[in-house]
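Enquirer: A structural model of the following input is requested.
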Amino acid sequence: MIFKDKLRQLIRKSNSNLVVGLDTDLEKIPEIFRNEKFPLYKFNEMVILATKDYCLGYKINLAFYEAQGLEGLKSLEKTMKFISGLKLTICDAKRGDIGNTSKQYAKSIFNNLNFDAVTLSPYMGTDSIEAFLTNKSKFAYILVRTSNRSADEIQNLKSGNKRVYEIVAKIMLKRFGNQIGFVIGANHVNDVARFSSFKPQIPLLIPGIGTQSNNLKNLIRNVKNTMFVINASRSVIYAGKKKSTYDEYFESVKNSAESLNTEINKLKTKVWNLIPGKTGNQIRDYR
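Expert: Numbers count the residues shown, from 1 in each chain. Now for the predicted structure:
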């Protein structure tokens, strides 16, 4: 199955455009997990059980696992096995290196860990990307307009009458077409509107909702296709108090994910004109 088909099916089946970021920081997880043999994994297991009914998948940032050495990597492996192909998995690796090195990164991420998709930095050119896309069932989200404070220092520079990020997006689409999507932060709603208007539909990975406090209603108003996922990490996985019991923390995480997914779906229904009798993923037009 190609990635886009899998994405469409999961959005429809889960009634969700939410991915939960398992950016699990050992210093921030509740005390009840600290004495576990694999504390990162046991925390992730709880988060997955609490959120699985309200999201279509999980985005895992490798840095939080690599920082913990072998135990962190074992927790990552166990987390991926626990998810077990039932949900979409995005490896937030932001890789981008010469072809030989990229082949090894791709083998690690796709063959060994079995992620569905990866985030990639395009600034070394197309040969830093192509090694990740030899398998048609895998996918890459290319960093285009990120949500961090200093992003405009490079991404928004002008070259002629175009911005750097616009040039990068055009090059990547021309070379890889159907196998890539873009990472565009929720603070860049004009770009979300523009890039999500392209035909054929371009999947977007949208960070910046939750702890970064960007406006969800404004974001949904500017999304112009159904192939988008909104990532929320800290606002969901750290929704509980550090000294909570397992059940208390579980409920806090569950409620946070459920609330965010419900709000996204309500806004989709309110902002979009939906075809009567069809799902919220089939859109006629916009108000």
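
Enquirer: so Lys28 makes contact with Tyr238?
Expert: Yes - if you go by CB atoms under 8 Å, Lys28 and Tyr238 touch, sitting 5.7 Å apart. (C-beta placed from N, C-alpha, C; glycine too.)

Enquirer: so where's the stretch 51-200 of the chain shaky on pLDDT?
Expert: For the stretch 51-200 of the chain, no stretch is flagged by pLDDT under 70.

Enquirer: element containing the nearest residue to Leu76 once chain neighbours are set aside?
Expert: Of all residues not flanking Leu76 in the chain, Tyr65 sits nearest, at 4.1 Å (CB to CB, 6 or more residues apart in numbering). Here Tyr65 sits within helix 63-66, counting by DSSP states H and E.

Enquirer: give me the buried positions along that helix.
Expert: Neighbour-count burial for helix 63-66 flags 64-65 (criterion: 16 or more other CB atoms under 10 Å).

Enquirer: which strands and helices sit next to that helix?
Expert: For helix 63-66, the packing partners by 3 or more CB pairs under 8 Å, 6 or more residues apart in numbering; DSSP states H and E come out as helix 69-83.

Enquirer: circling back to that earlier point, residues touching the residue nearest to Leu76, list them.
Expert: Counting by CB atoms under 8 Å, 6 or more residues apart in numbering, Tyr65 makes contact with 24, 40, 72-73, 75-76.

Enquirer: what segments of the stretch 51-200 of the chain are helices?
Expert: When secondary structure is read from DSSP state H, counting those that start in this stretch, the stretch 51-200 of the chain shows helices at 63-66, 69-83, 99-106, 152-155, 164-176, 189-195.

Enquirer: want to throw those into a markdown table with distance to Thr245?
Expert: Formatted as a markdown table, the helices of the stretch 51-200 of the chain follow (distance: least, CB to CB, whole Å):
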| stretch | distance to Thr245 |
| --- | --- |
| helix 63-66 | 24 |
| helix 69-83 | 22 |
| helix 99-106 | 40 |
| helix 152-155 | 44 |
| helix 164-176 | 46 |
| helix 189-195 | 39 |
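
Enquirer: what's the closest of the ones you listed to Phe139?
Expert: Phe139 sits nearest to helix 164-176 of all these, at 10.0 Å, using CB to CB.

Enquirer: please point out which parts of that closest one sit buried.
Expert: Applying a neighbour-count criterion of 16+ other CB under 10 Å, one finds 164-166, 168-169, 172-173, 175-176 buried in helix 164-176.

Enquirer: can you lay out these as TSV showing distance to Phe139?
Expert: Below are these laid out as TSV (distance: CB to CB, whole Å):
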residue	distance to Phe139
Val164	23
Tyr165	20
Glu166	22
Val168	18
Ala169	16
Met172	13
Leu173	14
Arg175	15
Phe176	10
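
Enquirer: quick one: which of these is nearest Leu86?
Expert: Phe176 (27.4 Å).

Enquirer: next up, the contacts around Leu49.
Expert: Counting by CB under 8 Å, 6+ apart, Leu49 touches Phe250.

Enquirer: hang on, Lys74 packs against Phe38?
Expert: Yes - if you go by CB under 8 Å, Lys74 and Phe38 touch, sitting 6.2 Å apart.

Enquirer: more crowded one of these two?
Expert: Phe38 (19 against 16; other CB atoms under 10 Å).

Enquirer: look up how far Leu86 lies from the spatially closest residue to the more buried one that is not a sequence neighbour.
Expert: In space, and not counting its chain neighbours, Phe38 is closest to Ser75: 4.8 Å by CB to CB, 6+ apart. To Leu86, Ser75 is 19 Å away according to CB to CB, to the nearest Å.

Enquirer: ok, the two, which is more surrounded?
Expert: Just comparing Ser75 and Leu86: by other CB under 10 Å the higher neighbour count belongs to Ser75, 26 against 11.
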